[in-house]
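> Predicted structure and sequence below. I'll ask about it afterward.
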Amino acid sequence: MDKKSPQTELIHHGYVPPDGFAAFPAPIHHASTVLFKNVAAMRSRNWQDKSAYTYGLHGTPTTFTLEARLASIEHGEHCLLAPSGLAAIAMINLALLKSGGDMLIPDNVYNPSRELGNWLAKDYGISTRFYDPMIGEGIRDLIQSNTRLIWTEAPGSVSMEVPDIPAICRAARERGVPVALDNTWSAGIAFDGFEHGVDISMQALTKYQSGGSDVLMGAVITQNTELHRRIELAHMRLGMGVGADDAYLVLRNLPTLNLRFQAHDVAARTVSAWLKTRPEIAKVLHPAFPDCPGHEFWKRDFTGAGGLFSVIFNEAYNEEQTDRFIDSLQLFKIGFSWGGAHSLCVPYRMQGMRTRWTEKGQLVRFNIGLEDPMDLIADIEQALAVLRI
Ligand SMILES: *Cc1c(COP(=O)(O)O)cnc(C)c1O
């Protein structure tokens, strides 16, 4: 029985408990100091290849177990943990860029990543350019001799356009430029980044992998060992440690990752389909609908969708009215970090977050949690009533 379904793999994984203490959970190891059995062992220590433990920052049995399991979900070889999703993004940037280098970022990128790119451009001598996420193979014309990294995100944050990742990766590969993917939306479950050509898959474990709205953590997954070593050097130089208890919380929730993801997906499609029928809503931005930019790539490359989507209100409603709508929601709470059991709703001012934004209506993002979708629809329906007052 070699090939198991992803759901079974999440439960029956490679963790081997210590002799004489067989149990399902991996233990939580707290350590800064790691002891060597003699000076020779200390002098010959290797922090890079996981053949031994050397220092708390460089890994413990708990973090190595989590890294191995995250890598296996995405069919990667290597994984590095970072203290947040944004820290994982920063670690990739600092590992692969140097002053004089150039980086391409999609215009619909997670906004703090845009902010970081602009900072590296302003103070660190890196050229950061933002490209149209729907550019596909056309990215070939943007690649310069000093381009060191191309970021992708699928779908893009908030406005939800789905890029043609294989086309971008083909063009990048011709020029030998690594492609990093922010794969947080799919949790590494609904989109296989490596199969579609990316070199680096980055996850904000803060979202679905944690699932509890209680952990901040990020991961960088690779198949290529040389690339992994470069990012690992940045991991070491920057001191990117994660807490043992937090690592355990993520490990604890991984067996239910796929089931939770599917429940978020089904509920989000139910709620978004209902929203599509409402006169107050001009557009539903969800990759599973044919009018979402890049829907055809989602259909071709993805096996599902998450709980996150956005809507654009009819332009008859101003910001004050849509804010009142959000304030009137009872089950939906107002907050940013999605992927937990609770439904959330956030308004976005898109000007400034995009090079060009032409939609006139207000944009509101929904995160569909694990509540009964019929209750969520009823909640939205009563809140929409305030728009008529
Ligand atoms: C939340 C998020 C991040 C950052 O994760 P943090 O752990 O909050 O830093 C990065 N990318 C995407 C797409 C996200 O949604």
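That came through, no problem. What you see is a predicted model; the values in this text were computed from it and never measured.

> Confirm that Ile312 sits in a strand.
Yes. Ile312: assigned to a strand according to DSSP: H, G, I helix; E, B strand; the rest coil.

> any idea how far Thr322 is from it?
Per C-beta to C-beta, to the nearest Å, Ile312 is found 10 Å from Thr322. Quick note: C-beta positions are derived from backbone N, CA and C, even for glycine.

> what's the overlap in contacts for those two?
Taking C-beta atoms under 8 Å, 6 or more residues apart in numbering as the criterion, Ile312 and Thr322 both touch Gln362.

> Who has more neighbours out of those two?
Thr322 (22 against 19; other C-beta atoms under 10 Å).

> Does the more buried one touch Val364 like I think?
Yes. Counting by C-beta atoms under 8 Å, Thr322 does reach Val364; the two are 6.0 Å apart.

> overlap in contacts of the two?
Any residue near both Thr322 and Val364 by C-beta under 8 Å, 6+ apart counts here, and that gives Phe313, Pro347.

> Show me this protein divided up by domain.
With domains defined by automatic domain parsing, the chain comprises 39-256, 257-388.

> What is the end-to-end distance of the first one?
Separation of the first and last residues of domain 39-256 by C-alpha to C-alpha, to the nearest Å is 44 Å.

> now Ile189, what's its secondary structure?
Quick answer, by three-state DSSP: Ile189 is coil.

> picking up where we left off before, wait, which of the domains of the chain is closest to the ligand?
For the ligand, the closest of the domains of the chain is domain 39-256, at 2.3 Å, according to C-beta to the nearest ligand atom.

> Now find how far off-centre the closest one is within its chain.
9 Å (C-alpha atoms, centre = their mean, to the nearest Å).

> For the residue nearest to Pro106 when sequence neighbours are not counted, which three-state class applies?
Excluding the flanking residues, the one nearest Pro106 by C-beta to C-beta, 6 or more residues apart in numbering is Pro133, at 4.1 Å. Following three-state DSSP, Pro133 is assigned to coil.

> how about Pro133, what does it touch?
So Pro133 contacts Pro106, Asp107, Asn108, Thr152, Glu153, Gly156, Glu161, Pro163, Gly294 (C-beta under 8 Å, 6+ apart).

> Just to be sure, which of those residues are found in strands?
With DSSP state E as the criterion, strands contain Pro106, Thr152, Glu153 from among those.

> who does the first one bridge with?
According to DSSP bridges, the partner residues bridging Pro106 are Tyr131.

> now the strands: where do they sit in this protein?
Using DSSP E, the strands of the chain run over 78-82, 102-106, 127-131, 147-153, 179-182, 200-204, 218-222, 281-285, 308-313, 344-348, 363-367.

> Now for the closest residue to Ala88 other than its chain neighbours, how many residues are close by?
Distances taken as C-beta to C-beta, 6+ apart put Gly218 closest to Ala88, at 3.0 Å, once the chain neighbours are dropped. Other residues near Gly218 number 27, with proximity taken as other C-beta under 10 Å.

> wait, isn't Gly218 in contact with Ala87?
Yes. Using C-beta under 8 Å, Gly218 is in contact with Ala87, at 5.5 Å.

> deepest of the domains of the chain, which one?
domain 39-256 (a mean of 20; mean count of other C-beta atoms under 10 Å).

> Report the mean per-residue pLDDT for that domain.
For domain 39-256, the mean per-residue pLDDT is 97.

> Please say whether there is contact between that domain and the ligand.
Yes. Judged by C-beta under 6 Å from any ligand atom, domain 39-256 comes into contact with the ligand at Ser84, Gly85, Leu86, Tyr110, Ser157, Asp182, Thr184, Ala204, Thr206, Lys207, Leu216, Gly218.

> For those residues, work out which two are farthest apart.
Ser157 and Leu216 (17.2 Å; C-beta to C-beta).

> Contacts only, for the closest residue to Glu319 other than its chain neighbours.
Nearest residue to Glu319, sequence neighbours excluded (C-beta to C-beta, 6+ apart): Gln362, at 5.6 Å. Counting by C-beta under 8 Å, 6+ apart, Gln362 makes contact with Ile312, Phe313, Tyr317, Asn318, Glu319, Thr322, Pro347.

> one more time with 6 Å, if that's ok
Phe313, Glu319, Thr322 (C-beta atoms under 6 Å, 6 or more residues apart in numbering).

> for Pro279, same thing?
No residues are in contact with Pro279 under the rule C-beta under 6 Å, 6+ apart.

> how about the helices in the stretch 1-150 of the chain?
Ranges of helices in the stretch 1-150 of the chain, per DSSP state H, counting those that start in this stretch, are 6-11, 39-43, 61-73, 85-96, 111-123.

> cool, the stretch 251-389 of the chain as well?
257-276, 295-301, 319-328, 373-384.

> Same list, the ones you listed, but as JSON lines with distance to Gly56 please.
Below are those laid out as JSON lines (distance: least, C-beta to C-beta, whole Å):
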{"stretch": "helix 257-276", "distance to Gly56": "26"}
{"stretch": "helix 295-301", "distance to Gly56": "39"}
{"stretch": "helix 319-328", "distance to Gly56": "43"}
{"stretch": "helix 373-384", "distance to Gly56": "43"}
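
> Tabulate the ones you listed (a markdown table), appending distance to the ligand.
Shown next, in a markdown table, are the helices of the stretch 251-389 of the chain (distance: least, C-beta to the nearest ligand atom, whole Å):
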| stretch | distance to the ligand |
| --- | --- |
| helix 257-276 | 14 |
| helix 295-301 | 16 |
| helix 319-328 | 19 |
| helix 373-384 | 20 |
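
> Relative to Arg175, which of those helices is closest?
Once these are compared by C-beta to C-beta, helix 295-301 is nearest, at 21.5 Å.

> so how far is the closest one from its chain's centroid?
Distance of helix 295-301 from the chain centroid (C-alpha atoms, centre = their mean) equals 18 Å.

> Correct me if wrong: Tyr15 contacts Pro25.
No. Using C-beta atoms under 6 Å, Tyr15 makes no contact with Pro25, being 8.9 Å away.

> Sounds good, over and out.
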